[in-house]
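In: take a look and give me a structure for this.
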Amino acid sequence: MSSRYGSGSAIQITAGQFGLYKNPPAPGIWRGDGSNDWMDVQGFSFGGGVGNTMSMKITPNAASAGRSFMGFSGANRFSIGLSASGFLLTSAGSGGASSVTGTVDVRSQTVVVTATHDEDTIYLYRNATLVGAAALAGSVATGVGPGLGAVKAGAAPPSGGWTGCDIYKALMLGGRSMTADEVAELVDAWA
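Out: Now for the predicted structure:
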């Protein structure tokens, strides 16, 4: 990860790469071309930061509804997805107990969606606009362990609740919570 957006492990892709994780603009940032892009990172673990951040530039399609875009595996996972109505959503904590859902159908729009959490709160941004926030209930599992530590973004073909591989433009994982100003900087950088 770049020092600007936190520190932690570099992304080690063991499957699903299609040779796309090359020449990243900064360590921890993955860029695809929006065609056949997906990743499945096994055994990923953040460093000792407070909170986590997932951000992606995507163009969701009709087939994305009701599917996850990106998330950690495990019961207390942290993830981003799209509701059946096309609204962005994020969840974290025990069984997704903490969640935030947007109110705008984003299918067929190119958006930067960012979910970030600190010790107390989970936040969801569409572009640089805060969509909502919710108190964080329970722990968020993002470390390595049985059933934990895998980070997924998409699937080829779409399967198991994961969206297809044709929506991704860029992805970023951060080992700490991001401020609203940092989210705005990232959105500007991906414009």
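
In: report the mean per-residue pLDDT for stretch 167-186.
Out: The average pLDDT within stretch 167-186 is 83.

In: buried set for it?
Out: By neighbour count with 16 or more other CB atoms under 10 Å, stretch 167-186 contains the buried residues 167-178, 182-184, 186. C-beta coordinates here come from the backbone N, C-alpha and C atoms, glycine included.

In: and the residues you listed, which of them are in strands?
Out: Tyr168, Lys169, Ala170, Leu171, Met172, Leu173, Gly174 (DSSP state E).

In: just the strands in this structure please.
Out: So, for the chain - with DSSP E - the strands run 29-31, 39-41, 52-58, 68-72, 79-82, 87-92, 98-105, 111-117, 121-126, 129-135, 151-153, 168-174.

In: pretty sure Ala180 contacts Val131?
Out: No: between Ala180 and Val131 there is no contact under CB atoms under 8 Å: 11.8 Å.

In: name the residues contacting each of these two.
Out: Tyr125 (CB atoms under 8 Å, 6 or more residues apart in numbering).

In: so where is the chain shaky, pLDDT-wise?
Out: Counting by pLDDT under 70, the chain has low-confidence residues at 1-49, 72-76, 93-96, 139, 141-166.

In: please repeat the previous calculation with a cut-off of 90.
Out: 1-109, 117-122, 134-178, 186, 188-191 (pLDDT under 90).

In: returning to what we had before: now the ones in strands among the buried residues of stretch 167-186 in JSON lines, with distance to Met70?
Out: Converted to JSON lines, those look like this (distance: CB to CB, whole Å):
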{"residue": "Tyr168", "distance to Met70": "9"}
{"residue": "Lys169", "distance to Met70": "13"}
{"residue": "Ala170", "distance to Met70": "11"}
{"residue": "Leu171", "distance to Met70": "7"}
{"residue": "Met172", "distance to Met70": "10"}
{"residue": "Leu173", "distance to Met70": "8"}
{"residue": "Gly174", "distance to Met70": "12"}
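
In: name all residues that make contact with Asp120.
Out: By CB under 8 Å, 6+ apart, the neighbours of Asp120 are Ala135, Leu136.

In: what is the neighbour count of Asp105?
Out: Here the number of neighbours of Asp105 (other CB atoms under 10 Å) works out to 15.

In: returning to that earlier point: same list (the strands of the chain) but as a markdown table, adding distance to Ala191.
Out: A markdown table is the format used below for the strands of the chain (distance: least, CB to CB, whole Å):
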| stretch | distance to Ala191 |
| --- | --- |
| strand 29-31 | 14 |
| strand 39-41 | 23 |
| strand 52-58 | 9 |
| strand 68-72 | 20 |
| strand 79-82 | 20 |
| strand 87-92 | 19 |
| strand 98-105 | 19 |
| strand 111-117 | 9 |
| strand 121-126 | 14 |
| strand 129-135 | 14 |
| strand 151-153 | 21 |
| strand 168-174 | 11 |
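
In: burial of the closest residue to Arg107 other than its chain neighbours, as a residue count?
Out: Spatial nearest neighbour of Arg107, chain neighbours left out: Gly86 (4.4 Å); criterion: CB to CB, 6 or more residues apart in numbering. Per other CB under 10 Å, the neighbour tally for Gly86 reads 19.
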